[in-house]
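Trainee: can't give you the sequence, but here's the structure:
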Ligand SMILES: NC(=O)c1ccc[n+]([C@@H]2O[C@H](COP(=O)([O-])OP(=O)(O)OC[C@H]3O[C@@H](n4cnc5c(N)ncnc54)[C@H](OP(=O)(O)O)[C@@H]3O)[C@@H](O)[C@H]2O)c1
């Protein structure tokens, strides 16, 4: 598996497997088991997905040594603030059945993120988490948080795909060596992306699918992609990216597809209100 090196010197697999909206108690365990068999070595879950226990079960039963799998989870807003975050970190570890996580993210940019970040930093020093990062932080949200950080985020997980390339954010994060990790890399299955003419033409030339072209684009841009798939065929084909290269001309054509707009604006106060009211425990 190809890797990228994060700003703390640790490696992260360049392509991972996401389990957003996959049910716990069976479906997630099955999907992660298939993904590990297909060769994925990064699994992306979150406390708010409520499927950490299935992820942990699949990892344990895979027989793959723990240090060969990169496990990411995320702290939910309800557990922000220093004290609550300490408990949230321990709850994720317990649900996953692990004694450390490879990467742990602040899932959303609302509430006491500075206090929560302090707890994440402490957990790094205690050996409970190897790398820490953020998610859904735009340039301005990241700027607000940076003065409160002793440890820089290793990644920022954001919506990103050829229709929404996060060019401004990527440029800003480059200064700090923060990697972009793309959620919705396949546009959540959006036909405007998967059936885009430019991508289809490039796909035909390489005898690949549009999805594979999209994921290869992320790889060549230095962006970690974490596609989710439940279909066995998708799980397998989304990792068949290492036997071809997009030419500079093809990369340029894909870069031109950027609309600068995605489906989710973290700076929209309504989103903040809606997500902050979502509770994952009593
Ligand atoms: N940090 C955040 O706030 C945040 C937000 C959203 C997502 N995420 C993370 O990002 C991951 C990916 O996002 P996502 O799952 O919503 O969207 P996605 O990976 O962009 O798209 C998944 C959808 O695309 C389909 N698909 C997968 N491979 C395909 C292929 N080769 N050809 C055609 N269709 C294909 C899947 O169908 P099948 O299931 O039928 O295979 C599924 O419907 C999540 O699982 C999660 O880990 C994070």
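Mentor: Cool, the structure landed. Just so you know, these numbers come straight off a predicted model, no measurement behind them.

Trainee: Just the closest residue of the stretch 101-250 of the chain to the ligand, please.
Mentor: In the stretch 101-250 of the chain, the residue that lies nearest the ligand is residue 228 (2.8 Å; CB to the nearest ligand atom). Any C-beta I mention is one placed from the backbone N, CA and C, and that applies to glycine too.

Trainee: and that residue, how many residues sit next to it?
Mentor: Using other CB atoms under 10 Å, residue 228 has 23 neighbouring residues.

Trainee: What of residue 150?
Mentor: If we define neighbours as other CB under 10 Å, then residue 150 has 9 of them.

Trainee: All further residue positions should be reported with the first residue as 27.
Mentor: Happy to do that; since the first residue is 27 now, the last one works out to residue 176.

Trainee: mind checking how far it is from residue 146?
Mentor: 10 Å (CB to CB, to the nearest Å).

Trainee: quick one: contacts for the residue of the stretch 127-276 of the chain closest to the ligand?
Mentor: 43-48 (CB atoms under 8 Å, 6 or more residues apart in numbering).

Trainee: Of the residues you listed, keep whichever come out buried.
Mentor: Among those, those classed as buried by 16 or more other CB atoms under 10 Å are 43-45, 48.

Trainee: which ones are touching residue 202?
Mentor: Residue 202 sits in contact with 33, 172, 178-179, where contact means CB under 8 Å, 6+ apart.

Trainee: whoops, I mixed them up, residue 256
Mentor: 48, 53, 57.

Trainee: residues near the nearest residue to residue 285 once chain neighbours are set aside, how many?
Mentor: Leaving aside its sequence neighbours, residue 285 sits nearest to residue 189 (CB to CB, 6 or more residues apart in numbering; 5.2 Å). For residue 189, the count of nearby residues is 21 (other CB under 10 Å).

Trainee: if I pick residue 189, what's in contact with it?
Mentor: 213, 216, 218-219, 222, 283-285, 287-288.

Trainee: Could you rerun that using 10 Å?
Mentor: 210, 213, 216, 218-219, 222, 225, 240, 283-289 (CB atoms under 10 Å, 6 or more residues apart in numbering).

Trainee: next one: residue 72
Mentor: 44-46, 78, 81, 98-102, 118, 130-131, 133, 161, 183, 306.
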